[in-house]
Structure formats: structure tokens, C-alpha cells
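[1] I need the structure of the sequence given here:
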Amino acid sequence: MSQPLPPSYASAPSAYDRPLNVMSIIAFILSLVGLSLFAVILGHIGMSQIKRTGERGRGFAIAALVIGYVGIVLSIILVILILVTTGIAASQGIITTG
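    The predicted structure follows:
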């Protein structure tokens, strides 16, 4: 037989009673889709809202920030590689510019 919980435990709010921050979820989805800049912006907004309101979703916001910043860095590296590669190809006469 199970005994009923004492009143102090029965009425204690759980972590799931707090609402989930929508901004952090949107940021996470955008980071997975590849919209890194928007994911970083919304991730920071979500973190700020979570700190202010006490909502859940901090993990989503942090993941969006990490994935977003990694995506931005990889994009910058890719652009540099493309510019360097086309510059080398143009200087060797492999491709002509203008």
C-alpha cells in the first residue's frame, strides 16, 4: 500500500510547471537549419528572457548559441578559402577576371 505524500511534497511545484521559452526553441531550430546569425541573436534574447522570467529552455538557448557561433566561424573560414583559392587560380592564369 502506498501512503499519500505529506502536504509539503504534494503541493511542491515541479520544474515542468514553468513555461518553456519559445525564443530559445526558435533559436535552436534556426541553428540546425543553418541560419546561424539569427540563431545567435535569438539565443541571446532567449537567455536574457530566461534569466528575467525563470522559464525553462536554457539548454536550448545555449545549444543554439554554440551551434550558431560554430556556423558563423565555419562560414567565415569557407569564404576566406574561396577567396584565397580564386585569387591563386587567377594569379596563375587558370581563371581570368574581367
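
[2] other SSEs contacting whichever helix in the chain runs longest?
    Within the chain, and with DSSP state H defining each element, the longest helix by residue count is helix 58-91. Counting by 3 or more Cβ pairs under 8 Å, 6 or more residues apart in numbering; DSSP states H and E, the packing neighbours recorded for helix 58-91 are helix 22-33, helix 36-53. Bear in mind the C-beta positions are built from the backbone N, C-alpha and C, glycine included.

[3] Pick the most deeply packed of the ones you listed.
    helix 22-33 (a mean of 20; mean count of other Cβ atoms under 10 Å).

[4] quick one: contacts of that helix?
    Residues from elsewhere that reach helix 22-33, judged by Cβ atoms under 8 Å, 6 or more residues apart in numbering: 36, 38-43, 45-47, 49-50, 57-58, 60-61, 63-65, 67-68, 71.

[5] same deal with stretch 49-63?
    Taking contacts as Cβ under 8 Å, 6+ apart, the residues outside stretch 49-63 that touch it are 15-16, 18-25, 27-28, 31, 43, 46-47.

[6] from the residues you listed, which single one is nearest Thr85?
    Within the contacts of stretch 49-63, the smallest distance to Thr85 is 27.4 Å, found for Ser31 (Cβ to Cβ).
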